[in-house]
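Peer 1: Quick check, what structure comes out for this input:
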Amino acid sequence: MINTIVTFIILNWNDWKSTLYLLSRLLSMDCGHVMCKFLIVDNGSTDGSVRFITKWFIYNKIAFDLITEDNFNNCKESSKHTNVILLVNRKNKGYTGGMNTGIRYALKCLSPTYLLLLNNDIDIDPNFFKALNNAPGDIKGPRVLNYYNNKDIPQPQVEFNIPLLSLFSKISSNIVITADHYRVYNMPFTAQRLEGSCFMVRSEIFRKIGLIDESFFNYWEDTDFFRRARSERYKIVIVPASIVRHRVGSINLAVRKSNPRAAYYLGRNGILFIRKHYTGLKRYIVYKLYLISSIYMFAVYLIYLRHPLSALSYALGIIRGLLGETGFSGFLEHYIGKYNKL
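Peer 2: You can find the predicted model right below:
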């Protein structure tokens, strides 16, 4: 008897090949006694993603619903019998707005027990969902490896990047989750936050604390969400037996890769996070600490990654954050996008 419904939400923006690869892997899973529904949100792609994805469905004889933005509020009867749904946004609403499109539709129309939010640039182990679903917890995340070198991606348990984080982890295991933790723990364990590329959320949590904060647009939204969940005493858990591999693109030290657009929002949204969650003297102190640590991050972009445009983007993001910018940045697109195809 099926009494658990899990809706997988995959966000696509101009990367239909990665989306279809991940979806093909998910569709080949054994969901066991769980009803799995797969919701792909196209975030205003301009590369023909919707056309290629629908052709792939037809070619592989996969029943699906195609729902445009005009019909998001109308739950189609067929959605109750179709496990694959493609939602189409007219424009790019960022990670936050795109995911919220899927979350709203799922909560309204699909009656999920859990929602599983996934970046389309991950690969999954065959047993990843079974291990994740069987684990206790309100918000559950897998062990996340770097796709390029198969090493664990450190998962900070503090809300701000501390310079030389790996060194601090030798002093206190509470600062960052590393490979050392998985040598000790082979059972699910409690965490303060998860790696944001893949996590599973009990649907009632969204109804209780709200959806993803769209003022972030991209980046820091997961840190904000986990903080709000902890404030309501929801249990956040890492499940070592559940493994995914993430092709990290925002800043990947393993392959010395960075993205100027990501650098901008990473810098700016740290300021937004501080403004949202701190007040008075504490806000002033955290601002100072954040700006000091940002000097280190600027040096990482400029010297280690050798990407001056990312360093500039990061610095400008901080300045724009201090000026009060939120959401989509027209400034970024106009003044930085013209110098590089971001």
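Peer 1: which residues are in contact with whichever helix or strand residue 208 is part of?
Peer 2: Secondary structure assigned from DSSP states H and E places residue 208 in helix 203-209. By C-beta atoms under 8 Å, 6 or more residues apart in numbering, the surrounding residues in contact with helix 203-209 are 103, 106-107, 112-115, 138-139, 225, 228-229, 231-232, 234. To be clear about C-beta, it is placed using only N, CA and C from the backbone, and glycine gets the same treatment.
Peer 1: Can you pull the domain assignment for the protein?
Peer 2: 1-120, 124-195+213-248, 252-339 (automatic domain parsing).
Peer 1: Redo those as TSV? Include mean pLDDT and distance to residue 205.
Peer 2: Putting the domains of the chain into TSV (pLDDT from 0 to 100; distance: least, C-beta to C-beta, whole Å) gives the following:
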stretch	mean pLDDT	distance to residue 205
domain 1-120	92	9
domain 124-195+213-248	86	6
domain 252-339	89	18
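Peer 1: Any chance of JSON lines for those, columns distance to residue 207 and mean neighbour count?
Peer 2: Converted to JSON lines, the domains of the chain look like this (distance: least, C-beta to C-beta, whole Å; neighbours: other C-beta atoms under 10 Å):
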{"stretch": "domain 1-120", "distance to residue 207": "7", "mean neighbour count": "18"}
{"stretch": "domain 124-195+213-248", "distance to residue 207": "11", "mean neighbour count": "18"}
{"stretch": "domain 252-339", "distance to residue 207": "21", "mean neighbour count": "18"}
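Peer 1: how far is the helix holding residue 208 from where the chain is centred?
Peer 2: Its chain's C-alpha centre lies 17 Å from the corresponding centre of helix 203-209 when counted by C-alpha atoms, centre = their mean, to the nearest Å.
Peer 1: Touching the helix or strand following that helix from outside, list them.
Peer 2: Note on helix 203-209: by DSSP H and E, the next helix or strand toward the C-terminus is helix 221-231. The contact list for helix 221-231 (C-beta under 8 Å, 6+ apart) reads 95-96, 138-139, 159, 192-194, 196, 199, 205, 209-210, 212-213, 216, 236, 269, 273, 276-277.
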